[in-house]
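**Student:** predicted model, plus sequence, below.
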Amino acid sequence: PSPPLSGHLRRIVSSVFRRLPILLLFIGTFALHWWGTAATLALLFTVTDVLRNALLSKTRRQIWTFLSNLPVSVVVRREDNESEVPVSEVRIGEQIVVAADTVIPLDGVVTHGTATVDAEALFGADSGYDAEAGSPVFAGSQNTNGTLEIRVLRHFRDTPLVFARHAFAETITQQSPAQNRRERWHAIGTATCLWLAVLIAFVPPFLLRDMSQSSFAIWVMRGLSLAAFALGGSLTLSGTTRRLTATFEAARHGIVVRSGAALEAMGRIKSLAHARTGILTEGRPAVVDVVSSGKLSGAELLGLAAALEAYSTHPLARAICHEASQHSITESHSVTVFEEIPGQGVRGIVNDTLLMIGSPRLFAEQRYTLPRPLQESLSEADAQGLTPVLIAGQTGLLGLIALRDTPRPSAAKTVQQLRESGVFMQMVLSGDTARAVEAVAQAATIAEFESERIPEEKTAWVENLRRQYGAVAFVGDGTADRNAFSAADVSLTLRAA
């Protein structure tokens, strides 16, 4: 629908109000035959809009070039038949085939094939890795050699680059309240100075009744000086251009900025809560031990767990699937129901039997009794700072899988840089065991930590940080931490990690 007439009139009046002072000053300079001054005034007035529009156009073009990296179609294997379909129609769990030297269009896990994957567009320089069965791959990364068969784990609309498109669109159109206030007052100040320049140029000669050319020239020159000051101030970049430039520079380093308000809020942050897995750790956990309660062999237990975890995108789930593929555990299992328990685990129907995989806290709340061998293995894993994952069927606990995730070497340096920038309070909030969280917190030089916390408890801690320290940021994995994100002033997530 077209805007109402009053809206058109308002814009016309605003445009005339902004440009009329310049027109009057032009008339004054022409009357005095100051051709060079008139040309300079015209250049000074037009260069503001030209520079701003050029920067805005260039930044938008760079952003959309960066984001137009995904192919529109992909080869899907359905019932041993391959067909090319639009990426938006590919369903979770389907197999896609990605040839060499093409961009991977969807997030998933490799089921067959090996290749070198270049993820520089997502994670920055030196982000290449060798992908094989069980390795995660992400939309927007480049398959440089070899053919990969990939099981899709995330719908097209949920891939990070599609998310980024929407984020950049909102960044372009939305401004924070403070930015709106600054630009409004900047426009009012510029217009006020220009009209004051007109008054200085033309009113004093009439009031002083001195209409000689020399007197008139003196006052016009004074008015032009004020006009030059006003127009020179307007040469500063607008909030929109500054915001877009900052957004694109962040994107070049693999960072998606959700809105202009988020950019501004980052400057007020005084406290920061970190999740553990994939944030302070490498996010590539490895299976260290598989312990069965005796009902199944270790290989059978691992294969059963991998069948259900194949539908999860959590780093621990990917590690279990990778370990199963490394040991060539290819036994087929029928998974008919899958459900994630946020922050605690997964459950589903495997081979017509209920199966649940998750943290020790989840099973304690469900009142499961641990056999003595599993109790000893759980205590040993906890003492070593490992992350234990328990597995249970309808007949009781089947065993556990212990995993280790390496702390990020750069975590301590990043934490120190945050402290130096004014983020004095930092803590770790995690659902992992106390020893595992403590080990990572110490490696990152963070004194405060909370372990075995479910999403609701993380949210309460974020709210507590805000009450104590003011503006708070939370960095997590983007799935189980949704509620904590909503409670924080700024949310940061490694969506593609």
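**Tutor:** Noted; the coordinates are in hand. Numbers count the residues shown, from 1 in each chain.
**Student:** how about low-confidence regions in the stretch 51-200 of the chain?
**Tutor:** 51-70, 120-127, 160-191, 194 (pLDDT under 70).
**Student:** now do the helices in it.
**Tutor:** Under the criterion DSSP state H, counting those that start in this stretch, helices of the stretch 51-200 of the chain are mapped to 120-123, 160-173, 177-207.
**Student:** so Arg404 makes contact with Arg284?
**Tutor:** No - between Arg404 and Arg284 there is no contact under Cβ atoms under 8 Å: 10.2 Å. All C-beta spots, glycine's among them, are computed from the backbone N, C-alpha and C.
**Student:** contacts for the longest strand anywhere in the chain next, please.
**Tutor:** The longest strand of the chain (DSSP state E) is strand 396-404. Contacts with strand 396-404, where a contact means Cβ atoms under 8 Å, 6 or more residues apart in numbering, come from 285-293, 295-296, 298, 301-302, 304-305, 316, 319-320, 363, 368-371, 374, 377-378, 381, 384-392.
**Student:** can you rerun that using 7 Å?
**Tutor:** With contact meaning Cβ atoms under 7 Å, 6 or more residues apart in numbering, strand 396-404 is reached by 285-293, 295-296, 301, 305, 316, 319-320, 368, 370-371, 374, 377-378, 381, 386-392.
**Student:** next helix or strand past that strand?
**Tutor:** For strand 396-404, the following helix or strand on the C-terminal side (DSSP states H and E) is helix 411-420.
**Student:** on that earlier part again, buried ones in the longest strand of the chain?
**Tutor:** Using 16 or more other Cβ atoms under 10 Å as the test for burial, strand 396-404 gives 397-404.
**Student:** now the residues you listed in CSV, with distance to Ile454 and pLDDT?
**Tutor:** As requested, these are exported to CSV (distance: Cβ to Cβ, whole Å; pLDDT from 0 to 100):
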residue, distance to Ile454, pLDDT
Leu397, 20, 91
Leu398, 23, 91
Gly399, 23, 92
Leu400, 20, 93
Ile401, 21, 94
Ala402, 21, 93
Leu403, 19, 92
Arg404, 23, 90
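**Student:** for the helix or strand hosting Val346, buried residues please.
**Tutor:** If you go by DSSP H and E, Val346 is part of strand 345-350. Residues of strand 345-350 classed as buried by neighbour count (16+ other Cβ under 10 Å): 345-348, 350.
**Student:** contacting residues around the helix or strand following that strand?
**Tutor:** On the C-terminal side of strand 345-350, the nearest following helix or strand under DSSP H and E is strand 353-358. Here strand 353-358 makes contact (Cβ under 7 Å, 6+ apart) with 304-305, 308-309, 341, 344-348, 389-394.
**Student:** nearest to Thr459 among those residues?
**Tutor:** The closest of the contacts of strand 353-358 to Thr459 turns out to be Gln344 (Cβ to Cβ; 14.8 Å).
**Student:** with adjacent residues omitted, what lies nearest to the closest one?
**Tutor:** Leu362 (4.2 Å; Cβ to Cβ, 6 or more residues apart in numbering).
**Student:** please list all residues in contact with that neighbour.
**Tutor:** If you count contacts by Cβ under 7 Å, 6+ apart, Leu362 has them with 341, 344-345.
**Student:** can you get me a residue count around Ser377?
**Tutor:** 21 (other Cβ atoms under 10 Å).
**Student:** should've said Val490
**Tutor:** Residues near Val490, counting by other Cβ under 10 Å, number 21.
**Student:** quick check: it touching Ala473?
**Tutor:** Yes - Val490 lies in contact with Ala473 (Cβ atoms under 7 Å); the separation is 4.1 Å.
**Student:** pull up the overlap in contacts between these two.
**Tutor:** Common neighbours of Val490 and Ala473 (Cβ under 7 Å, 6+ apart) are Ile269.
**Student:** quick one: the helices in the stretch 301-450 of the chain?
**Tutor:** For the stretch 301-450 of the chain, the helices defined by DSSP H, counting those that start in this stretch occupy 315-326, 360-365, 372-383, 411-420, 434-443.
**Student:** and among these, the most buried is which?
**Tutor:** helix 315-326 (a mean of 23; mean count of other Cβ atoms under 10 Å).
**Student:** who does that one touch, helix- and strand-wise?
**Tutor:** Judged by 3 or more Cβ pairs under 7 Å, 6 or more residues apart in numbering; DSSP states H and E, the packing partners of helix 315-326 are strand 286-292, helix 298-309, strand 396-404.
**Student:** distance of Thr493 from Ala473?
**Tutor:** Thr493 sits 11 Å away from Ala473, taking Cβ to Cβ, to the nearest Å as the criterion.
**Student:** neighbour count: those two, which is higher?
**Tutor:** Ranked by neighbour count (other Cβ under 10 Å), Thr493 and Ala473 place Ala473 first, with 25 against 21.
**Student:** confirm that one sits in a helix?
**Tutor:** No - the assignment for Ala473, made by DSSP: H, G, I helix; E, B strand; the rest coil, is strand rather than a helix.
**Student:** from memory it sits against Ala488, does it?
**Tutor:** Yes - assessed by Cβ under 7 Å, Ala473 is found in contact with Ala488 at 5.7 Å.
**Student:** burial count for Ser421?
**Tutor:** If you count neighbours by other Cβ under 10 Å, Ser421 ends up with 11.
**Student:** and it, what does it touch?
**Tutor:** Ser421 neighbours (Cβ under 7 Å, 6+ apart): none.
**Student:** tell me the confidence at it?
**Tutor:** With respect to pLDDT, Ser421 scores 87.
**Student:** and the pLDDT for Ile255?
**Tutor:** 67.
**Student:** try Ala439
**Tutor:** 89.
**Student:** now swap in the one 4 residues further on and tell me
**Tutor:** We note a pLDDT of 91 for Ala443 in this prediction.
**Student:** which strand residues bridge the nearest residue to it once chain neighbours are set aside?
**Tutor:** Once flanking residues are discounted, Ala443 sits nearest to Pro407: 3.9 Å by Cβ to Cβ, 6+ apart. Assessed by DSSP bridges, Pro407 has beta-bridge partners Thr281.
**Student:** what's the burial count for Pro407?
**Tutor:** 17.
**Student:** no further questions, thank you.
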